[in-house]
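Novice: Got a predicted structure plus its sequence, pasted below:
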Amino acid sequence: MIEDDQSGLKMAECMLEFEERSSAGRLNTNRDNADQGLAKLVLTLVELLRRVMEHEALRRIDGGTLTEGEIEEMGETFLKLDNKMVEMREIFGLKEEDLNLDLGPLGNLM
Amino acid sequence: MGDIANSKQVTLLAVVEKLLDKGVVISGDLILSCGNVDLVYLNLKVVLTSVQTMLEGNSSKKDVHS
Amino acid sequence: MKRPYLLGFIRNCTDLDLPCEPPFPTELTTVGAYSVIWCKSPREMFTTKQDFLAAMLQWLEQVQDLQLTVLPIQSGVGVSDEVHLVELLRTYEQELELCFDKVEGCSEYCLTISPKNQEFTPLTYSALREDVQSGKEYLERLRVRHQLLDREVVQAREVVSQFCIRLTPWVKDYWSEIPPTRGAEINLGFLVPNASKHEFINELKTLLDEVDFADEWTGPWPPFHFSSFSLKLESFLIRESLNWG
């Protein structure tokens, strides 16, 4: 699913272009971070999904139904995802703290 | 406010700003809009469910491989 | 064309009951027992968002002084035409009745608390990925991270519980929000019947003295967090960005 390829860069180009074209508008959410651009929104959502996937991965490992090979592969995939996130953040000049979701919304949802 | 806040540093304006985001809300965890036009509503709670939960719901405990 | 900007709902109210002084002229549209309070767009009345917020603060204070129970609407919400105000009231009559039955004669007090002197073990992803030898090891590090964060969430919930249990005798309902980031403040809202205001405040002050938190509380406010219904995305509802000037 996550490969070392140009897909991150291509996605970034798309988002930058979209942002430039919609100069009359802004992408808003109805939460506190109303003024952020598309990149922050998308990357925050990816972060959220990453947390949920990690949570589920650990649950599955605890469930004891996965092979060593599957576990190793999952771990490597998460590492690759992390590298991709670093790449994407750098393109948009966002820091890890900018996408911080440590305690929530999972804290409030789960 | 009438029954005064206890801290001198409280900026009531900041509180008002936060409060006005609540009140009776237009439903939606996420509304994507362009300018003032609302386009997409996304309810995050609806979307998040684990695959395992889904599979268990189908009364099958087998892992699905593709 | 008038595009009413919505401020709130009110029950059994006439024009005369509402604060009639500035900061801004409000209008009332009524269907049966329920009314919606509205005005014209803040952009026409104020130069900056700050000015608007100051005016809202003043209006909310007046509402409290007059002991009116207003159900405030989220800011930035309006309807495309005056005609839709009646439609709005008719559509949500049931919800309004349930809501007002609950909050009539009550006010909200808001509290933010944050534990002092918190030490955090760094749990950033960059720390997790450093010198990692295998996928499995990375997952184990992730596990530790999740456990530590889960524990912080549990601790925050315990704090909320402590406050709510203690203040229960004078509170009709409460609301809380765990912060999304570590070390940030916890937010609580208490729905307090106006008759119990003084006892509630006394108990709150006593409790805050006992615990070791940085705290701020404000009130009384209209019941912002206790409106138990949401407006669906009706076609006539419009949203105005509050970021101007």
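Specialist: That came through fine. This structure is a prediction, so every number in the text was calculated from the model and none was measured. Residues are numbered from 1 along each chain as shown, chains lettered A, B, ... in the order given.
Novice: does chain B sit close to the helix or strand harbouring C:Arg43?
Specialist: Using DSSP states H and E, C:Arg43 sits in helix C:42-45. No: for helix C:42-45, no contact with chain B is found by Cβ under 8 Å from any Cβ of the partner chain; the gap never falls below 10.9 Å. From N, CA and C alone the C-beta is placed, and that goes for glycine too.
Novice: helices or strands up against that helix?
Specialist: Contacts defined by 3 or more Cβ pairs under 8 Å, 6 or more residues apart in numbering or on different chains; DSSP states H and E place helix C:42-45 against helix C:49-65.
Novice: close to chain A, is the helix it packs on?
Specialist: No: for helix C:49-65, no contact with chain A is found by Cβ under 8 Å from any Cβ; the gap never falls below 11.4 Å.
Novice: try stretch C:3-15
Specialist: No: shown here: stretch C:3-15 not in contact with chain A (Cβ under 8 Å from any Cβ), separated by at least 15.1 Å.
Novice: Tell me the span between the first and last residue of that stretch.
Specialist: In stretch C:3-15, first residue to last residue: 20 Å (Cα to Cα, to the nearest Å).
Novice: who's in contact with that stretch?
Specialist: Outside stretch C:3-15, the residues that touch it by Cβ atoms under 8 Å, 6 or more residues apart in numbering or on different chains are B:23-24, C:18, C:26-30, C:33-42, C:59, C:68-73, C:77-82, C:85, C:96, C:100, C:104, C:222, C:238, C:240.
Novice: Low-confidence bits of chain A, can you list those?
Specialist: Along chain A, the model assigns pLDDT under 70 to residues A:1-5, A:16, A:18-37, A:101-110.
Novice: buried set for the helix holding C:Arg43?
Specialist: C:42, C:45 (16 or more other Cβ atoms under 10 Å in any protein chain shown).
Novice: what is the mean pLDDT for that helix?
Specialist: The average pLDDT within helix C:42-45 is 89.
Novice: CA atoms of it as PDB?
Specialist: Extracted as PDB, the C-alpha positions of helix C:42-45 are listed here (Å, rounded to 0.1, in the frame of the first residue of the first chain):
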ATOM      1  CA  PRO C  42     -22.300  41.400  11.600                       C
ATOM      2  CA  ARG C  43     -20.200  42.400   8.700                       C
ATOM      3  CA  GLU C  44     -22.600  45.300   8.100                       C
ATOM      4  CA  MET C  45     -22.500  46.400  11.700                       C
END
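Novice: Contacts for it next, please.
Specialist: Counting by Cβ under 8 Å, 6+ apart, C:5, C:24, C:39, C:52, C:55, C:240, C:242, C:244 sit against helix C:42-45.
Novice: and the fifth one, what does it touch?
Specialist: Read it as C:Ala55. C:23-24, C:45-46 are the contacts of C:Ala55 under Cβ under 8 Å, 6+ apart.
Novice: Okay, and C:Ser161 sits in which element?
Specialist: helix C:135-167.
Novice: is the next helix or strand after that helix anywhere near chain A?
Specialist: Next along the chain after helix C:135-167, taking DSSP H and E as the criterion, comes strand C:173-177. Yes: remark: strand C:173-177 sits within contact range of chain A at C:Glu177, by Cβ under 8 Å from any Cβ.
Novice: So for strand C:173-177, mean pLDDT?
Specialist: Rounded mean pLDDT across strand C:173-177 is 93.
Novice: So in that sheet, which strands flank that strand, and in what orientation?
Specialist: strand C:186-193 (antiparallel) (DSSP bridges).
Novice: Show me which residues of the helix or strand following the partner strand are buried.
Specialist: Scanning forward in sequence from strand C:186-193 by DSSP H and E, the next helix or strand is helix C:197-210. Neighbour-count burial for helix C:197-210, counted by 16+ other Cβ under 10 Å, picks out C:197, C:200-201, C:203-204, C:207-208.
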